[in-house]
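**Q** Let me see the structure of the following:
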Amino acid sequence: MAILVTGGAGYIGSHTVVELLNANQQVIIVDNLSNANVIALSRIEKITAKSCIFYQGSVLNKALLHKIFTDHAIEAVIHLAGLKAEADSVCKPLQYYETNVTGTIILCQVMAEHQVKKLVFSSSATVYGVPDGLPIKETDSTGATTPYGQSKLMVEQLLADLHTADNQWDITILRYFNPVGAHPSGLIGEDPCDIPNNLMAYICQVAVGKLKELQVFGNDYLTPDGTGVRDYIHVVDLAQGHLKALAKLSSNSAIATYNLGTGRGYSVIEIINTFEQITGKAIPYRFSARRDGDLAAYFADVSHAKTALDWHAELSLETMIESSWHWQSKNPNGYRN
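**A** Residues are numbered from 1 along each chain as shown. Below is the predicted model:
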């Protein structure tokens, strides 16, 4: 039996596939490569000395999904495929709703037709919007403020409705906080197709000379140094969280939601200073006005994942930075070297 990973050639997907292969799982990947590179697949094989089956295509392609489920004995699906840039989603809402919501509907329709009803879904902490308090609990109210966040929230709701209608579905929803870092080999990592949306990727590109300086949005928040505080999680810890969620699926048919983060926050200045100390690279930056919708602080309560999944993040901020820089310095142009 195989695990289908949608978006498996991407940043989180490639690291998750590595962990699956290392756990002796058979893996099938479907990815349209819109935010990924096929070179990642050969890098995965180099890391694990194992191969997986790859289909280039979109989850919107129902015929392709039918072929995959017909040709392979699939046990469960880890659904990572989707568009993920919040600012971009404001400009392209239809594209985000089509890919993230309609794509999930089509995937679930095909899964149901083939009697595969085990699903791990990649959601996001953005579904919380302005949080009730800190740390953020899974039971807190939701209220996304961008089309990206709304698309994730809509999928969460449709999955809940799907389970209510058919309790044979076994669904785990993982709400990520801020994935950073790279595989220790330096062979796979975050490779933005455009200007990075994420802080660590942006800092790395400044350090390697691809970008001139970092723009820090706001230095007057009610935080220790005035800059925004976020919960960063190493992508390898995150990938291992998917394996724990997958293992939990087999125990009973249910629907459950978990935060995946470290449970503590780091400020932008803290990240910059630690990066400079570890790498010896100066990171020029300048302050500018706050961005609309940005919050002072955002970090998770991760106790539910620790108790129910026997999972917790193990890798430190220093390891996040070291691995990010190892990847970027080894691959200054990402997979396009």
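**Q** Can you pull the poorly scored residue ranges out of the stretch 201-337 of the chain?
**A** Counting by pLDDT under 70, the stretch 201-337 of the chain contains low-confidence residues at 251-252, 337.
**Q** What are the boundaries of the helices in it?
**A** 235-249, 268-279, 303-309, 317-330 (DSSP state H, counting those that start in this stretch).
**Q** and the gap between the residue of the chain positioned farthest from its centre and Arg290?
**A** Most distant from the centre of the chain: Asp220, at 28.9 Å, with distances by Cα atoms, centre = their mean. Separation of Asp220 from Arg290 (Cβ to Cβ, to the nearest Å): 8 Å. In short, each C-beta sits where N, CA and C put it, glycine included.
**Q** what packs against the helix ranked longest in the chain?
**A** In the chain, assigned by DSSP state H, the helix with the most residues is helix 147-165. With contacts defined as 3 or more Cβ pairs under 8 Å, 6 or more residues apart in numbering; DSSP states H and E, helix 147-165 has these neighbours: helix 86-91, helix 93-96, helix 103-113, strand 118-124, strand 170-176, strand 255-260.
**Q** Nearest to His242, out of these?
**A** strand 118-124 (5.9 Å; Cβ to Cβ).
**Q** so that closest one versus helix 147-165, what angle?
**A** 150 degrees (axes from the mean of the first three to the mean of the last three Cα atoms, to 10 degrees).
**Q** Parallel or antiparallel, which strands does strand 118-124 pair with?
**A** strand 74-79 (parallel), strand 170-176 (parallel) (DSSP bridges).
**Q** Make JSON lines out of those strands and add mean pLDDT and distance to Lys248.
**A** Shown next, in JSON lines, are the strands paired with strand 118-124 (pLDDT from 0 to 100; distance: least, Cβ to Cβ, whole Å):
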{"stretch": "strand 74-79", "mean pLDDT": "98", "distance to Lys248": "11"}
{"stretch": "strand 170-176", "mean pLDDT": "97", "distance to Lys248": "6"}
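**Q** how about those strands in a markdown table, adding mean neighbour count and distance to Pro184?
**A** As requested, the strands paired with strand 118-124 are exported to a markdown table (neighbours: other Cβ atoms under 10 Å; distance: least, Cβ to Cβ, whole Å):
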| stretch | mean neighbour count | distance to Pro184 |
| --- | --- | --- |
| strand 74-79 | 22 | 22 |
| strand 170-176 | 23 | 20 |
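**Q** Tell me which of those strands approaches Gly186 most closely.
**A** Across the strands paired with strand 118-124, the minimum distance to Gly186, taken as Cβ to Cβ, is reached by strand 170-176, at 22.5 Å.
**Q** Check which element follows that closest one along the chain.
**A** Following strand 170-176 in sequence order, the next helix or strand is strand 178-180 (DSSP states H and E).
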